[in-house]
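**Student:** can't give you the sequence, but here's the structure:
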């Protein structure tokens, strides 16, 4: 006998037939991927992908590898959180990688020390003005300001000129990259203060990434902002007729995406101890890919941060797995491309299957 | 005068040279269900769009609930108590039933501006109550609208209008795209609304439906109201001749 539950008006339904959340499928894919790498490792390399095989290290799992898997995706993951809510809202953000570049350059120039090994810092941008050895809050606020401004411009363009998000953020992508190069005339900016460098020591990028992910998952699920993101993404006309102020909402969505990109920039240059104008190239596409692999629908209205985090982990597992199998980095990129397209095809197919069943 | 819910005087709308609506005088009393009929392009939807302020009228006056009103937009009209079921439903496909019912007017637990925390329990309870009140049958409230049949969607859209203490409900061809059974379900909801004494304006092409559900029939032709008849004083033949223009004249308008 099938399990029935009571709906409204005396109608019952089969609770078992409820489709499980899309995140579950993504999580399953992650586990399968790990098992595949584990098996290939055992068979061809005689080594384990997941488990600890060294005698001089304690523990069941290969903790170093697990850490790397998540550490290497946490910076792009921070961007992907912002990109996820943009895509849910029916938009797209191509500018995040360039915002990372521009923000890294500008923020880093406010995080420099005055003297290196007793000599004046050769790379300092604002040595003459005396803007060196500033407290860590200054570069962080400068970064947030940069991201906020870029996002505000993106959002305003999309909300008021009604140009497609693709074009607006493409413009920002090119402009922000230009700013990143112009800021120091192409020179890298180095020698940050100790307190700035401390932001990304150890596993802190992971903590920042996961904390932001939890925060934004809660926001998307439990707040009016989140509800309106899904509403606008699934039917913008309906949202407008329901009285949602769509321009305001879109500006807020892109501004938050910009701020998250700038936070990623802070974590990135704190980790690298330097800022270069080429930082963050292709990050926007990696972030979009993480979201899409995590089940966020490019047509808007569907997806979650949890999905994106799992998508990011899949990304991390693939990169680590390929390194583990000692395959060239070239293959990684090729496979990444295939996986992104595959995820979208799978999503479309799942939607069609659902439509047929309904 | 006090039992008049909605009244329009000389309501006119022109799109450039096109006279979509010319001097419409219309009245709706408490608890009354009025049908608006007419050919395509006769001005039915235009009339509704002026009342709900989706568009701004060219001239004329509107009284609602005893006061003269000048709504700046559909949200103001809705706040005042005019609920509309749009032809294109205006539902968000990826949201569940409670979210759709409360779309744009979510009940909030803590007010934090745009990041206000939603009172999901309350909204779910209120949704269940509204669905019971309108006799709407939905198997699973947590299902997204995407997974529902056309009839269920329409029922959700109608239940939305009934959830909030509305003073007037307007439905623009609510059963146009529905099957026989689904149409019957929607008609039952409309009967429930009638029993609850909620006034309604129903735009429909379905003669049987109109005679079944409404007290009065108003016919639009070429932007003008050409007939305003009580159900008892007319029949389908009569209405058709007004719609097609075979019969004209404003003699019955006093009815």
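**Tutor:** Now that the structure is in, tell me what you want to look at. These numbers come from a predicted model, not from an experiment.
**Student:** for chain A, which helix is longest?
**Tutor:** For chain A, the helix with the greatest residue count under DSSP state H is helix A:329-357.
**Student:** Find the closest residue to chain B in the stretch 51-200 of chain A.
**Tutor:** Taking CB to the nearest CB, chain B has its nearest neighbour within the stretch 51-200 of chain A at residue A:88, 9.0 Å off. All C-beta atoms are positioned from the backbone trio N, CA, C, and that covers glycine.
**Student:** Where does the prediction get shaky in the chain?
**Tutor:** Went with chain A since none was named. Chain A contains residues with pLDDT under 70 at A:1-20, A:354-358.
**Student:** Chain B, not that one
**Tutor:** Looking at chain B by pLDDT under 70, you get B:1-2, B:87-89, B:165, B:249-255.
**Student:** At the geometric centre of it, which residue do we find?
**Tutor:** Nearest to the mean C-alpha position of chain B, by CA atoms, centre = their mean, lies residue B:170 at 1.1 Å.
**Student:** which SS state does it fall under?
**Tutor:** Using DSSP: H, G, I helix; E, B strand; the rest coil, the secondary structure recorded for residue B:170 is strand.
**Student:** For it, which residues count as its bridge partners?
**Tutor:** residue B:84, residue B:201 (DSSP bridges).
**Student:** quick one: contacts for it?
**Tutor:** By CB atoms under 8 Å, 6 or more residues apart in numbering or on different chains, the contact set of residue B:170 is B:48, B:51-52, B:82-85, B:200-201, B:203.
**Student:** I'd like the distance between the nearest residue to residue A:98 once chain neighbours are set aside and residue A:266.
**Tutor:** Leaving aside its chain neighbours, residue A:98 sits nearest to residue A:176 (3.7 Å; criterion: CB to CB, 6 or more residues apart in numbering or on different chains). Taking CB to CB, to the nearest Å as the measure, residue A:176 falls 16 Å from residue A:266.
**Student:** Same question for residue A:305.
**Tutor:** Residue A:305 is 20 Å from residue A:266, by CB to CB.
**Student:** Next: residue A:131.
**Tutor:** If you go by CB to CB, the gap between residue A:131 and residue A:266 works out to 17 Å.
**Student:** the more surrounded of these two?
**Tutor:** Counted by other CB atoms under 10 Å in any protein chain shown, residue A:131 and residue A:266 do not tie: residue A:266 has more neighbours, with 28 against 16.
**Student:** Kindly list the main-chain dihedrals of that one?
**Tutor:** Phi and psi for residue A:266, reported as degrees, to the nearest 10, are phi -60, psi -50.
**Student:** which residues does the residue lying closest to it once chain neighbours are set aside contact?
**Tutor:** Once flanking residues are discounted, residue A:266 sits nearest to residue A:143: 4.9 Å by CB to CB, 6+ apart. By CB under 8 Å, 6+ apart, the contact list for residue A:143 reads A:103, A:106-107, A:262-263, A:265-266.
**Student:** and residue A:143, helix, strand or coil?
**Tutor:** helix.
**Student:** Then the one 3 residues further on?
**Tutor:** Per three-state DSSP, the local secondary structure of residue A:146 is helix.
**Student:** these two touch, right, it and residue A:102?
**Tutor:** Yes. Taking contacts as CB atoms under 8 Å, residue A:146 lies within contact range of residue A:102: 6.4 Å.
**Student:** Please say which of these two ends up with more neighbours.
**Tutor:** residue A:102 (32 against 24).
**Student:** Tell me how far the more buried one lies from residue A:261.
**Tutor:** From residue A:102 to residue A:261 the distance is 10 Å (CB to CB).
**Student:** same thing with residue A:83?
**Tutor:** 9 Å.
**Student:** ok, now residue A:48?
**Tutor:** 37 Å.
**Student:** Which one's more surrounded, those two?
**Tutor:** Set residue A:48 next to residue A:261 and count neighbours by other CB under 10 Å: residue A:261 wins out with 34 against 17.
**Student:** Show the contacting residues for that one.
**Tutor:** A:78-79, A:82, A:95-97, A:99-100, A:103, A:147, A:150-151, A:280.
**Student:** Okay, and which of those residues map to strands?
**Tutor:** With DSSP state E as the criterion, strands contain none of the contacts of residue A:261.
**Student:** returning to that earlier point: between which two of the contacts of residue A:143 is the distance greatest?
**Tutor:** Farthest apart among these by CB to CB are A:106 and A:263. That separation is 13.8 Å.
**Student:** Bridged to the residue of chain B most remote from its centre, which residues?
**Tutor:** Distance from the C-alpha centroid of chain B, by CA atoms, centre = their mean, peaks at residue B:112 (33.5 Å). With DSSP bridges applied, residue B:112 shows beta-bridge pairing to residue B:114.
**Student:** Surely it and residue A:223 touch.
**Tutor:** Yes. Counting by CB under 8 Å, residue B:112 does reach residue A:223; the two are 7.4 Å apart.
**Student:** check contacts around residue A:266.
**Tutor:** A:103-104, A:107, A:139-140, A:143, A:199.
**Student:** Could you list the buried residues of the one helix or strand residue A:67 maps to?
**Tutor:** For residue A:67, the host element (DSSP states H and E) is helix A:63-88. By neighbour count with 16 or more other CB atoms under 10 Å in any protein chain shown, helix A:63-88 contains the buried residues A:65, A:69-88.
**Student:** Just the buried residues of the helix ranked longest in chain B, please?
**Tutor:** For chain B, the helix that runs over the most residues, judged by DSSP H, is helix B:180-195. By 16+ other CB under 10 Å, the buried positions in helix B:180-195 come out as B:182-183, B:185-187, B:189-190, B:192-194.
**Student:** in the residues you listed, which two residues are the furthest apart from each other?
**Tutor:** It's B:182 and B:194 that sit farthest apart of these, by CB to CB, at 19.1 Å.
**Student:** Please, where are all the helices along chain A?
**Tutor:** A:22-40, A:63-88, A:96-108, A:137-156, A:165-183, A:194-197, A:204-222, A:224-234, A:236-241, A:246-272, A:283-293, A:305-324, A:329-357.
**Student:** Next, the buried residues of the fifth one.
**Tutor:** Judged by neighbour count using 16+ other CB under 10 Å, the buried positions of helix A:165-183 are A:165, A:168-173, A:176-177, A:179-181, A:183.
**Student:** Distance to residue A:38 for those residues - can I get that in TSV?
**Tutor:** Below are these laid out as TSV (distance: CB to CB, whole Å):
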residue	distance to residue A:38
A:165	40
A:168	44
A:169	39
A:170	41
A:171	45
A:172	42
A:173	38
A:176	41
A:177	40
A:179	45
A:180	41
A:181	44
A:183	45
